[in-house]
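In: Fold the following, please.
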Amino acid sequence: MAARINLTLSPEAAADHNEIIRKAARMLRCSPADITGVTIIRKSIDARKPAIVFNVEAEVFTGDETPPSEIISFQERDVSNAKEILIAGSGPAGLFAALTLIGHGLRPVVIERGRDVSSRKRDIAMISRQHVVDNDSNYCFGEGGAGTYSDGKLYTRSKKRGENRKVLELLHFFGADENILYEAHPHIGTDRLPSIIRNIREKIIECGGQVLLNTRITGLLLNGRRFAGVEAGGQTFMSDTLILATGHSARDIYALLGQHFAAMEFKPFAMGVRVEHPQELIDRIQYHGKSRGSWLPPASYTLSRQVEGRGVFSFCMCPGGFIVPSATSGDEVVVNGMSPARRNSVWANSGIVTEIRGGDVSAYGRYGPMAGLKFQQHLEKLAWEHGGRRQTAPAQRLTDFIAGRPSATLPRSSYSPGIVSSPLHEWLPEPLLGALKEGFRAFGRMMKGYVTEEAVLVGVESRSSSPLRIPRDPATLQHTDIEGLYPCGEGSGYAGGIVSSAIDGMRVAEVLSGKFSG
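Out: Just a heads-up that it's a prediction; the model follows:
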């Protein structure tokens, strides 16, 4: 027999599998020896009250029934001689599109501007050590996309749980820990993602697909308003279908689309700063002054506030993490956050961002749908100038930012290229400045101790989402005026994060499988 139960457990009990079995047996009124297996369905922490507990939903098997031995296995097919589908970008949208195409007997040809995961690691190190940014291989570009070296959080607001589950199961199949299948906020870790990405690439090639690394797309070929191929890496690749799965930092792709007068439109997005606290301070706030001990994870937070009708909110919160340099050009400074799997850094950081609307970028109206992108670039260059014209980042104590005074000194920071004191309150443009100040004041009331001189703001967090959308037909997912072009993922304005991008890539691949395999 299989039964679903809900348990409320102390942190110590939730970490002890034998204790979970004993609690389950008591609830089911049977002996622990009668239980043949327990599958955790969902596990979440509830720290709203001083008595912190874990809520665990589990499926318990007794008698002759046992848990299924496999969750999902990748559907392998030899597609060496099948119809080719070009995919621009090897982020989650591109890679999961490729896996789905293989499952339907189509041959993916993935074209990625950046280098493999191992080479990317060396290129990323150069940013911190020598302040050298490789335009094609950095935290945003390269095998696996921006997520590979930027944390691996798998939380999504998508309501389609079946699709979410499929993405998580495939990630587990390719090497992620099983706990991503049941944690309320699953997380792989930037130290473990590279091997998973490598496994996916090897499987695509093993099945007869192709992955071209260090191959930047420099031209789009059209026959009238029909897609005909791409020029990339000094070669020409002909095809009638392109899945456009480049990330939101591939500004040259937007420029190429503009050269062909392809439809694009401004999309509201978000920008702001990174705020960093000592992790121990966030633990004290969230765990009611108690020591975290061995059983509780590094505490996180989610904050949101409306400031004069404009949202200010935390984004990509990284407990036990680091702030990383995410610029794609040497004359800009962009920051992001990441955490290793163990989340064992002494710092906690989060993006704190606010909405940017069409009226906010009116000064760049001559750029049409790229107005938001130009506003974004302007702020990143300002950060570079105020950061010392290197990859050192401008920073200010949180208390000084709110008070409108320069910081004479700065606390230690995880940002490895280094931080320099800068009066963010003097050069951050509206509406960022006013919204962020009021947002932080509100967050200080919501989390007592959050506003402290131990907290430092590091600028700028500008790549939280795409500043434009490439429109597509809702039914066919094809671009509205170029036949054979299928925009998807974060860079096209249809996703935000690893899971939602992967889901969107799979959706496009499913549509194409119906078109070409049906």
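
In: Dump the C-alpha coordinates for stretch 496-506 into PDB.
Out: Provided in PDB are the C-alpha atoms of stretch 496-506 (Å, rounded to 0.1, in the frame of the first residue of the first chain):
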ATOM      1  CA  GLY A 496      13.300  34.300 -16.100                       C
ATOM      2  CA  GLY A 497      15.600  31.700 -14.700                       C
ATOM      3  CA  ILE A 498      16.800  28.200 -15.300                       C
ATOM      4  CA  VAL A 499      13.600  26.200 -15.000                       C
ATOM      5  CA  SER A 500      11.300  28.600 -16.900                       C
ATOM      6  CA  SER A 501      13.900  29.000 -19.700                       C
ATOM      7  CA  ALA A 502      14.200  25.200 -19.900                       C
ATOM      8  CA  ILE A 503      10.400  24.800 -20.000                       C
ATOM      9  CA  ASP A 504      10.100  27.400 -22.800                       C
ATOM     10  CA  GLY A 505      12.800  25.700 -24.800                       C
ATOM     11  CA  MET A 506      11.000  22.400 -24.500                       C
END
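
In: Centre of the chain to the helix or strand bottoming out on mean pLDDT in the chain, how far?
Out: Least confident helix or strand, the chain: helix 161-173 with a mean of 85, by mean pLDDT, DSSP states H and E. Chain-centre distance of helix 161-173: 16 Å, with Cα atoms, centre = their mean, to the nearest Å.

In: Can you name every helix or strand that that helix contacts?
Out: Applying 3 or more Cβ pairs under 8 Å, 6 or more residues apart in numbering; DSSP states H and E, one finds that helix 161-173 contacts helix 92-103, helix 498-516. Glycine gets a C-beta too; all of them are placed from N, C-alpha and C.

In: repeat that with 7 Å
Out: Counting contacts by 3 or more Cβ pairs under 7 Å, 6 or more residues apart in numbering; DSSP states H and E, helix 161-173 packs against helix 498-516.

In: Which residues in the helix it packs on does the neighbour count mark as buried?
Out: Neighbour-count burial for helix 498-516, counted by 16 or more other Cβ atoms under 10 Å, picks out 498-513, 516.

In: Kindly report the same for stretch 309-318.
Out: Result for stretch 309-318 [16+ other Cβ under 10 Å]: buried residues Arg310, Val312, Phe313, Ser314, Phe315, Cys316, Met317, Cys318.

In: what does stretch 226-233 give?
Out: Phe227, Gly229, Val230, Ala232, Gly233.

In: want to try TSV for the residues you listed, with secondary structure, distance to Ile127 and pLDDT as columns?
Out: Converted to TSV, those look like this (DSSP: H, G, I helix; E, B strand; the rest coil; distance: Cβ to Cβ, whole Å; pLDDT from 0 to 100):
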residue	secondary structure	distance to Ile127	pLDDT
Phe227	strand	35	98
Gly229	strand	34	98
Val230	strand	28	98
Ala232	strand	25	97
Gly233	coil	23	95
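
In: Which parts of the stretch 1-150 of the chain are helices?
Out: Using DSSP state H, counting those that start in this stretch, the helices found in the stretch 1-150 of the chain span residues 11-14, 17-28, 92-103, 117-130.

In: now for these, which one comes closest to Tyr486?
Out: helix 92-103 (8.8 Å; Cβ to Cβ).

In: How is the protein partitioned into domains?
Out: 2-62, 84-264+470-516, 266-461 (automatic domain parsing).

In: mind checking how far the last one is from the chain centre?
Out: It refers to domain 266-461. With Cα atoms, centre = their mean, you get 16 Å for domain 266-461.

In: go on, the second one?
Out: Distance, stretch centre to chain centre, for domain 84-264+470-516: 13 Å (Cα atoms, centre = their mean).

In: And that domain, end to end?
Out: 10 Å (Cα to Cα, to the nearest Å).

In: One more: stretch 255-273?
Out: One end of stretch 255-273 to the other measures 27 Å (Cα to Cα).

In: Also stretch 82-102?
Out: Per Cα to Cα, stretch 82-102 runs 9 Å from first to last residue.

In: Please report phi then psi for Asp252.
Out: Note on Asp252: its backbone torsions stand at phi -70, psi -30 [degrees, to the nearest 10].

In: Count the residues that sit near it.
Out: Neighbours of Asp252 under the rule other Cβ atoms under 10 Å: 15.

In: How many residues are close by the closest residue to Ser422 other than its chain neighbours?
Out: Distance criterion Cβ to Cβ, 6 or more residues apart in numbering; nearest residue to Ser422, sequence neighbours excluded, is Pro394 at 3.3 Å. Counted with other Cβ under 10 Å, residues neighbouring Pro394 total 26.

In: Give the helix, strand or coil label for Pro394.
Out: Secondary structure state of Pro394, per DSSP: H, G, I helix; E, B strand; the rest coil, is strand.

In: Just to check, it is in contact with Gly388?
Out: No: if you go by Cβ atoms under 7 Å, Pro394 and Gly388 don't touch, sitting 8.3 Å apart.

In: and Gln396, what does it touch?
Out: Contacts for Gln396 were tallied using Cβ atoms under 7 Å, 6 or more residues apart in numbering; they are Ser407, Ser421, Ser422, Pro423, Leu424, Leu457.

In: for Thr236, helix, strand, or coil?
Out: strand.

In: Please tell me how far the closest residue to it other than its chain neighbours sits from Met1.
Out: Excluding the flanking residues, the one nearest Thr236 by Cβ to Cβ, 6+ apart is Gly229, at 6.1 Å. Separation of Gly229 from Met1 (Cβ to Cβ, to the nearest Å): 58 Å.

In: Quick check: beta-bridge partners of Cys318?
Out: Note on Cys318: beta-bridge partners by DSSP bridges are Asn349.

In: which residues of this protein score low on pLDDT?
Out: Applying pLDDT under 70 to the chain picks out residues 69-72, 150-152, 155-162, 518.

In: so Tyr450 sits right up against Arg441, yeah?
Out: No: contact between Tyr450 and Arg441 fails when scored by Cβ under 7 Å: they sit 10.2 Å apart.
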